[in-house]
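Undergrad: Got a predicted structure plus its sequence, pasted below:
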Amino acid sequence: MPSTVRIGTRASTLALTQTGHVADALARLGGFDVEIVHVRTEGDRLTGSLATLGGTGVFVTALRDALLDDRCDVAVHSLKDLPTGPAEGLVLGAVPPREDPRDVLCAREGWTLTTLPPGARVGTGSPRRAAQLRAARPDLDVVDIRGNVDTRLRRVAPGDLDAVVLARAGLARLGRLDAVTQELDPAVMTSAAGQGALAVEVRAGVTDPQLAAALAALDDPASRLAVAAERALLGHLEAGCAAPVGALARLDAAPTDDPAAADSRLDGAPGHVLTLDAVVVRTDGSQQLRRSARTALAPEQPTVDSVTDVPADPRGTGRLVGHVDPERHAAAETLGRTLAEELLDAGAAGLAELGPR
């Protein structure tokens, strides 16, 4: 590995800001120089709604190609953009601490979702957000939009929309939380799997000890476990980014007086409880399924701190790399698949386009 680590990114303002945070952290943790490599993805080039752009992967394929072609050493993605299936030759080297994953409303006149007037025009490019908006307020005019954060906000004031729904994490990273008029309750607007988290992807078999150590130090086990559960649910449903499916997990310390968390204690040491909430919504918002499940996690066991010392995934898929206790990670994925099965049993496939396409 050269003394300079090349970090691939999309060239949007948000992507560059996110990548800058990762680059600064890796440089600080690894003691090397970094170089930012701009990569234009299909999602940047094409126009049209998200549902018509080919779904999951349109924002990451070109970055992955750059990694595999050795045009960069690291790629930074919004984790919600990553397909849930394996990427041959690549692993998820780190999931930095996650930003607040909630969606937010940015409206004129300080309006909230409750106080928006009937017929208000609310913009979003996400079928998931659009369906949940219609479920909460059937009287709203939900408008499909594209564009970066500034472009979307300009359509509110003094533009043609009354409000837009955006990810709080992106606004926080851009220093634009002043535009928020309401942070939306996840019980009303459940976020996308992986929302608020970043994915630092690398080629499998990283051997440079500086980069390996920096990735291990950057990785946040709680964030990785939460997104592992969310992505396992999405993958089991075979739902892409255009499906009206939300998933949000959280890791909490196991309460000592909770019988359901008894299995999360080992030799007197406290473990954790991982809770996963999910929703599948009919596109028109007329029907939705909301379900929740949780699992107890034993205390974290010491793990290796090098991406070269563990397989990419216990099942050999090459999907993940281990800075998390493999048993805890497997439990998180099992939680996601189990809740997905519960949703399917309850009729989720009748509400949304799930399964192979």
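TA: Arrived safely, thanks for sending.

Undergrad: what's near enough to touch the residue nearest to Ala136 when sequence neighbours are not counted?
TA: Leaving out its chain neighbours, the residue that sits closest to Ala136 by CB to CB, 6 or more residues apart in numbering is Val188, at 5.3 Å. Every C-beta, even on glycine, is put in place using the N, C-alpha and C of the backbone. Val188 sits next to Leu113, Gln132, Ala136 when contact means CB atoms under 8 Å, 6 or more residues apart in numbering.

Undergrad: what bits of the stretch 101-250 of the chain have low per-residue confidence?
TA: Counting by pLDDT under 70, the stretch 101-250 of the chain shows low-confidence ranges at 241.

Undergrad: Tell me which stretches of it form strands.
TA: With strands called from DSSP state E, counting those that start in this stretch, the stretch 101-250 of the chain shows them at 103-107, 121-124, 141-144, 163-167, 182-183, 198-203, 245-253.

Undergrad: Of those strands, which is nearest Asp73?
TA: Of all the strands of the stretch 101-250 of the chain, strand 198-203 sits nearest to Asp73, with 6.9 Å by CB to CB.

Undergrad: Can you report phi and psi for the residue nearest to Ala136?
TA: phi -100, psi -40 (degrees, to the nearest 10).

Undergrad: could you give the mean pLDDT of the helix or strand containing Ala27?
TA: According to DSSP states H and E, Ala27 maps onto helix 13-30. Averaged across helix 13-30, pLDDT comes to 96.

Undergrad: now the angle between strand 163-167 and it, please.
TA: 20 degrees (axes from the mean of the first three to the mean of the last three CA atoms, to 10 degrees).

Undergrad: Any buried residues in the longest helix along the chain, and which?
TA: Of all the segments of type helix in the chain, defined by DSSP state H, the longest one is helix 326-345. By 16 or more other CB atoms under 10 Å, the buried positions in helix 326-345 come out as 328-333, 335-336, 338-340, 342-344.

Undergrad: List of residues touching it?
TA: Counting by CB under 8 Å, 6+ apart, 221, 224-226, 228-237, 247, 249, 274, 276, 278, 280, 289, 291-295, 297-298, 300-301, 303, 310, 314, 320, 322, 354 sit against helix 326-345.

Undergrad: Any of those residues buried? List them.
TA: Buried subset of the contacts of helix 326-345 (neighbour count, 16+ other CB under 10 Å): 221, 224-226, 228-237, 247, 249, 274, 276, 278, 280, 289, 291, 293-295, 297-298, 300, 303, 310, 320, 322, 354.
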